[in-house]
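Asks: let's see this in three dimensions:
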Amino acid sequence: MAAPRCMRSFMGPAKRTKMTHGSRPFCTTTARREAKDDESRKVMADLRADVESGNMSLGERLQDMNLDPGEYKALWNSQKKAAKRAAKWEPKTREEAQQKWKAMQSTPDDLTLLRAYKRAGVEPIKIAKEKGITLPNDKEPLDPKTQAALDELRQPLNVRAVNLRPLRREPQYGVPVCDLQLRTYSIRNLLLFADFAVRAAYYMGLSARGPIPLPRITERWTVPRDVFIFKKSQENFERITMRRLIQIQDGHPDVVKAWLAFLTEHQYHGVGMKANIWEYEDLETATRAGEEVAPDDVGRRREGPMMAKVDEILNSKGFREAMKGHKTGGEIEFRR
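Replies: Now for the predicted structure:
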């Protein structure tokens, strides 16, 4: 039984056709290109005829065509220079042409090699570095004498320290006085600010340990996307908090507070800080904890010696003689 007429095309053997060349897009066809060239030649011919006849000057003609005279002259001069270079490079004899062809074969330009590597599926930049090929964006090497003079220049210590690991001070007793904990959601911001804090501690005379990695804090939430019959459609969220610990040992409390204030002033975005500070007193202070203290007695305070020195200067004879006859705008209040 013969197959229906409508099924013969499906049951019959498929015909294979060999394509000798790919189809061209309409914008790159020869007819379209020739039409554009003819139009540009016609415009240039009209322009040259108007200028040679004297009916219209070159500037007026360019303004009539909405062209900038300065830009037109610059393009015209560059075209003439390009034509001169092409005429100079073009060989005059057959022997000269053969010599240039051999030179081009022996020393191809870099861009041609890079395109050839790219068509072959090879990384052109990697191959260029391995083969010693100069890339178009590579800088020209300096003169050997200039390069040697630049190499001999000694960079300052603080500039070299930026590219090295942070300097640290050795603790004398190893007593912790401050634990600074840094928290963030971005590891890059955390590493940068931790390095900055350690360097600042060194230049302020503090011995710092760290940054010590602490366990991450992982928080997860499951939220329904909708209610009622869509409750089973849920969405999961996760937040990971990364932490670093920097410990200060054998540091003076005032210096530690100044270090924390400096870090707070230059705090990096996305990094949070939490500090625990310990202050230690001598044994004599602990034994006098239950004694009564007069309101004006500042001897037991840390800044007591400094305040006593200020009172001595204000009550001295020389200060009173120097301030004799001086009138102030109001009364001076001494706060303790």
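Asks: pLDDT value on Tyr202, please?
Replies: Note on Tyr202: pLDDT of 90.
Asks: one more: His21?
Replies: His21 is assigned 46 on the pLDDT scale.
Asks: same thing with Ala289?
Replies: 66.
Asks: please apply the same query to Ala197.
Replies: As predicted, Ala197 sits at a pLDDT of 92.
Asks: and for Arg5?
Replies: With respect to pLDDT, Arg5 has a value of 49.
Asks: now stretch 261-278: how far from the chain's centre is it?
Replies: Averaging C-alpha positions (CA atoms, centre = their mean, to the nearest Å) puts stretch 261-278 24 Å from its chain's average.
Asks: show residues contacting that stretch.
Replies: Stretch 261-278 has contacts (CB atoms under 8 Å, 6 or more residues apart in numbering) with 176-186, 189-190, 192-193, 196-197, 200, 204, 253, 256-257, 260. Using the backbone N, CA and C atoms, a C-beta is placed for each residue, glycine as well.
Asks: Thr222 belongs to a strand?
Replies: Yes: per DSSP: H, G, I helix; E, B strand; the rest coil, Thr222 lies within a strand segment.
Asks: give me the beta-bridge partners of it?
Replies: Residues in a beta bridge with Thr222, per DSSP bridges, are Asn236.
Asks: quick one: it from Glu238, how far?
Replies: According to CB to CB, to the nearest Å, Thr222 stands 10 Å off from Glu238.
Asks: what of Lys129?
Replies: Note on Lys129: its distance to Glu238, by CB to CB, is 41 Å.
Asks: looking at the two, which one has more neighbours?
Replies: Set Lys129 next to Glu238 and count neighbours by other CB atoms under 10 Å: Lys129 wins out with 12 against 8.
Asks: assign that one to helix, strand or coil.
Replies: Here Lys129 takes the helix state, with states given by three-state DSSP.
Asks: in which helix or strand does the residue nearest the centre of the chain reside?
Replies: Residue closest to the mean C-alpha point of the chain, counted by CA atoms, centre = their mean, is Arg188 at 12.3 Å. Using DSSP states H and E, Arg188 maps to helix 187-203.
Asks: may I see the buried residues of that helix?
Replies: 189-191, 193-194, 196-201 (16 or more other CB atoms under 10 Å).
Asks: with stretch 79-87 instead?
Replies: Buried residues in stretch 79-87, defined by neighbour count with 16+ other CB under 10 Å: none.
Asks: give me the distance from it to the chain's centre.
Replies: Centre-to-centre, stretch 79-87 and its host chain are 43 Å apart (CA atoms, centre = their mean).
Asks: now that stretch: mean pLDDT?
Replies: Taken as a whole, stretch 79-87 has a mean pLDDT of 85.
Asks: ok, now stretch 94-108?
Replies: For stretch 94-108, the mean per-residue pLDDT is 78.
Asks: need the contact partners of it.
Replies: Stretch 94-108 is touched from outside by Pro91, with contacts defined as CB under 8 Å, 6+ apart.
Asks: now it - C-alpha only, PDB.
Replies: This file holds the C-alpha atoms of stretch 94-108, laid out as PDB (Å, rounded to 0.1, in the frame of the first residue of the first chain):
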ATOM      1  CA  ARG A  94      59.600  43.800  -7.900                       C
ATOM      2  CA  GLU A  95      62.800  43.200  -5.900                       C
ATOM      3  CA  GLU A  96      61.800  45.800  -3.300                       C
ATOM      4  CA  ALA A  97      58.400  44.200  -3.000                       C
ATOM      5  CA  GLN A  98      60.000  40.700  -2.500                       C
ATOM      6  CA  GLN A  99      62.300  42.100   0.200                       C
ATOM      7  CA  LYS A 100      59.400  43.700   2.000                       C
ATOM      8  CA  TRP A 101      57.300  40.500   1.800                       C
ATOM      9  CA  LYS A 102      60.200  38.500   3.300                       C
ATOM     10  CA  ALA A 103      60.600  41.100   6.100                       C
ATOM     11  CA  MET A 104      56.900  40.900   6.900                       C
ATOM     12  CA  GLN A 105      57.100  37.100   7.000                       C
ATOM     13  CA  SER A 106      60.100  37.000   9.300                       C
ATOM     14  CA  THR A 107      58.900  39.800  11.700                       C
ATOM     15  CA  PRO A 108      55.000  39.800  11.800                       C
END
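Asks: quick one, helices of this protein?
Replies: Using DSSP state H, the helices found in the chain span residues 8-11, 30-53, 58-64, 69-89, 94-106, 110-119, 124-131, 144-152, 157-162, 187-203, 253-265, 283-287, 304-314, 317-322.
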